[in-house]
Every structure is written in C-alpha cells, then in structure tokens.
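Chemist: structure for this input, please:
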Amino acid sequence: MLDTPKALRLHIGIFGRRNVGKSSLLNALTRQAVSIVSDTPGTTTDPVEKTLELAQLGPVVLVDTPGLDDSGDLGAQRMERALAALPRMDVALIVTEGALWGNCEQWIATMLKSQGIPFFVIMNKADIFPAEADSLPNGLTGVPLSTKTGQGLDAVGDKLALYAQDALLHETRLVGNLLPKNGLAVLVVPLDQGAPKGRLILPQVQTVRDVLDGRGLCLVTTEKDLKTAFCALKNTPDLVICDSQAVGQVVAETPPSVPLTTFSILMARLKGDLPTLAAGAAAIGSLRPGSGVLMMESCSHHPHKDDIGRVKIPRLLQAQAGGMLRIGMCAGKANGKNLSQWDLIVHCGGCAITRRQMLFRLREAQESGVPVTNYGIAIAFVRGVLERVLAPFPEALSAYRDARQHAPALAKIGISPPKCRKVQRE
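Modeler: Below you'll find the model as predicted:
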C-alpha cells in the first residue's frame, strides 16, 4: 500500500493565506515535521508533498502550498507555484484563522468551484480564535481546529473521509467491463530499450493488477512469442492487450473475433476522456509539412536515443504528413504555454499524473481550440489499425469516425478539422 504510485493516490491540497497554519496542518496530519513552520510570512516557497497512508482514507498525497496573499515579484512566483498545483487536487482544504473570511478566501473558493474541486474549510487556531462551525458566510461550514493542541484533528480526518469517499466514487477501472469473471487476457509486452531492466513499465503492471482484482486470468508474452502463446491455449482469449509499438504485428496475428486494444488506450480511458482523444486522432490526417505538433509527457524521464515521444512518434507523424513538422516538447508538471499555436497535441498515457490533472489538460487544449490525442492512439492511426483497437469502446469509435468524416473535406479547403469534443468536469 505504501508503494502505491502517486498518480493512483488521492491528492489533498492545503490552501490559504500566509501564516494561517497550513504547514502546521500538514505536520499535524502526518505527525511529522514535514514542512518548516515559522512566524515569518512566506516560509513555504514551493508546494511541499508528502505521501502517506491516512486512517479511513488509505494512500494519499498531502500538498502544502505557499500563501495566496503574497506580495512582490517573489511572492507572485510563489503564488503561481501554488495555483499550478490546483489541477491535480481531488480534495482541497481552505485554512483560515478562526472564522476570518475575506476576499482572499472567497477567491480561493471561487477557483476551486470553477475547477470542480470539492473543498471544506479548516478554521485553525481555535485555541486563540474560538469559532462555531456554521459561522462562515455563504452557507459554508468549517471544522474548528487547533494544530497547536490537536483539538479538532479527529473531526478533520472524519470530514476528509467523507469527501474522499465521494471522490473515489468517480474512479474507473483500467480493464473493468472488458473482461468477464475468470476470463483470460493476453498481454503482449515488447522488451525493447524503453523496458526497464528486471521489471515492466507502470501501465503494464497496473493492467495485470486490475485483471487480477476482477478475478481474471493473465498470460503475459512478448510479440515474438504471440503465435506460440495462442497455440498453447485451449480456447481463444477473451481479450488481447498489446503495447502500441507492436500493434501492427499483434493485429495481424490476433483472430478478428478476439477483442483487441492497447495499454495506451486503456490509460486514455482511465486517466482522460477516451472519445476526445480518439476524435483528436482524426487531425493527424490533416497534418501537412510545417504543421505544428506539441508532444506532451507527464513525467520528466531521461530520454534515450530512440525515445518514443521525441523520436519515434515525430518520425511517424512526419512520414504521415509527407514532410517535416514543427515539433515541440513539454514534459513534467508544466502544461505548456500558448497552446493555440499548435495544430495537434499528442499526450503520453499519463501514468504519472492523476485523472483530474489529465482532464484539466484536455480542457486547456479544448479552450485553445487544439485537437488532442495520445501516443498509442496516434501510433494506431498511422499503422491503419485504430478502428480495430477502438472497437471495444463504441462511444470512442463513434467519436473518431465522426471526426474522421469531417476532417478530409475541411482540409481540402484549408479549414482545420473539428477541435475537441467538450470535456466534462468531475
């Protein structure tokens, strides 16, 4: 449990003015001196993360942020860092001094509401500023707390558990309804330069675990031994899941009657909005020499010489477009600036970020009017097998076909294809 990946943990953000006790709250919840506590305003300069397991909640990430009432050039940078942490939060805590509720707190609440992030108020310093839970304006209720004495800490935990249960209700399964109970899934895993020595990559491990959680059976093989694996089976498998880089071969060797998809498409369904990403792939057919494509990755791994996002996919897209493209790269927590300058965004599977953060990125692309797809979907499009691997997902297949139907005609008269279907907030 303690090794649960960050992207699968509930993210809880702590926001408020400077010196209201945000860092003290983090330390109280973790029972550790994680954040430096000082009377000097602006002590927390960057978001401070702590992964742990909380009673009633399970594995979480607590994020302490700089004060949102900071001033000066450096203060503005600290506030920018705090606001950049918002999109990945599943639950937020607004910390106040007692019942003090001013423009800053209202601004924070408005931002959280606009992003669909559930929140409640921690009325800190109850030992100095006693306050009733219903003494806040706008019908808000708070939890009185003293991080100094520990008074109210259990009530904060109980409230967090209620909010966390609501957030966890929106979780989706990676394989889920694709595999019946005791059904067999064949996982095709290439062992290339991108495969870490002695282990599998995170999406493959998560898929194995999800199949087992659903009382399914797994057979893991490489693309080189796929035919042998099929011959060893008494019955045909219920599902085949392959790495996108082997999708052409796997499609050719898998019986048409067997449902087939890729790890990348499963991640697109788990972390983002699969119909949006499927529809975005139609824009690949409209790329021309000089078109701009932004490659986005959620982690900042050290790239190797044949990196999928920096080398392999750009090479495939340029072959598809018939010439050189203007390629950009954005990696890590940064979302990229001025997205409207690009004709297409191609995102990784998103295994290192939360679903909420991925949906935020999709909405940013939508608001900039730029179609977005992901690595595996783009590869399947170029290989000519996208409809085959989208077949288990009728809504996504329909969205792709609709976008594909409009894209060629619009491209002929110099109009960009339809941008993004509307991404719903959670």
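Chemist: contacting residues for Ile145?
Modeler: Residue 145: Leu, not Ile. Leu145 makes contacts with 25, 122-124, 126, 151-153, 155-156, as judged by CB atoms under 8 Å, 6 or more residues apart in numbering. C-beta here means a position set from N, CA and C on the backbone, and glycine is covered the same way.
Chemist: would you reformat those as a markdown table and include pLDDT and neighbour count?
Modeler: Below are these laid out as a markdown table (pLDDT from 0 to 100; neighbours: other CB atoms under 10 Å):
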| residue | pLDDT | neighbour count |
| --- | --- | --- |
| Leu25 | 92 | 23 |
| Ile122 | 95 | 25 |
| Met123 | 94 | 28 |
| Asn124 | 94 | 31 |
| Ala126 | 91 | 20 |
| Gln151 | 91 | 13 |
| Gly152 | 92 | 22 |
| Leu153 | 92 | 17 |
| Ala155 | 92 | 14 |
| Val156 | 92 | 20 |
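Chemist: same list (these) but as JSON lines, adding secondary structure and distance to Val208.
Modeler: Listed next are the contacts of Leu145 as JSON lines, based on DSSP: H, G, I helix; E, B strand; the rest coil; distance: CB to CB, whole Å:
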{"residue": "Leu25", "secondary structure": "helix", "distance to Val208": "37"}
{"residue": "Ile122", "secondary structure": "strand", "distance to Val208": "39"}
{"residue": "Met123", "secondary structure": "strand", "distance to Val208": "45"}
{"residue": "Asn124", "secondary structure": "strand", "distance to Val208": "44"}
{"residue": "Ala126", "secondary structure": "coil", "distance to Val208": "47"}
{"residue": "Gln151", "secondary structure": "coil", "distance to Val208": "46"}
{"residue": "Gly152", "secondary structure": "coil", "distance to Val208": "42"}
{"residue": "Leu153", "secondary structure": "helix", "distance to Val208": "38"}
{"residue": "Ala155", "secondary structure": "helix", "distance to Val208": "40"}
{"residue": "Val156", "secondary structure": "helix", "distance to Val208": "36"}
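Chemist: for these, give me CSV that also has distance to Ala246.
Modeler: Formatted as CSV, those follow (distance: CB to CB, whole Å):
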residue, distance to Ala246
Leu25, 48
Ile122, 50
Met123, 56
Asn124, 54
Ala126, 59
Gln151, 58
Gly152, 55
Leu153, 51
Ala155, 53
Val156, 49
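Chemist: which of the residues you listed lies closest to Leu54?
Modeler: Set against Leu54, the nearest of the contacts of Leu145 by CB to CB is Val156 (10.4 Å).
Chemist: so what's the residue nearest to that closest one when sequence neighbours are not counted bridging to?
Modeler: Sequence neighbours aside, Val143 is the residue nearest to Val156 in space, at 5.3 Å (criterion: CB to CB, 6 or more residues apart in numbering). Beta-bridge partners recorded for Val143 (DSSP bridges): Ile122.
Chemist: now do the contacts for Val143.
Modeler: Counting by CB under 8 Å, 6+ apart, Val143 touches 120-123, 133, 152, 155-156, 159.
Chemist: what distance do you get for it to Ser38?
Modeler: 24 Å (CB to CB, to the nearest Å).
Chemist: and Pro289, by the same measure?
Modeler: 57 Å.
Chemist: which residue ranges of the stretch 101-250 of the chain form strands?
Modeler: For the stretch 101-250 of the chain, the strands defined by DSSP state E, counting those that start in this stretch occupy 119-124, 142-144, 184-188, 217-221, 239-242.
Chemist: using CSV, lay out those strands together with distance to Leu397.
Modeler: Compiled in CSV, the strands of the stretch 101-250 of the chain are given as follows (distance: least, CB to CB, whole Å):
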stretch, distance to Leu397
strand 119-124, 37
strand 142-144, 47
strand 184-188, 20
strand 217-221, 25
strand 239-242, 16
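Chemist: and the ones you listed: which comes nearest Met111?
Modeler: The minimum distance between Met111 and these falls on strand 119-124, with 9.8 Å, by CB to CB.
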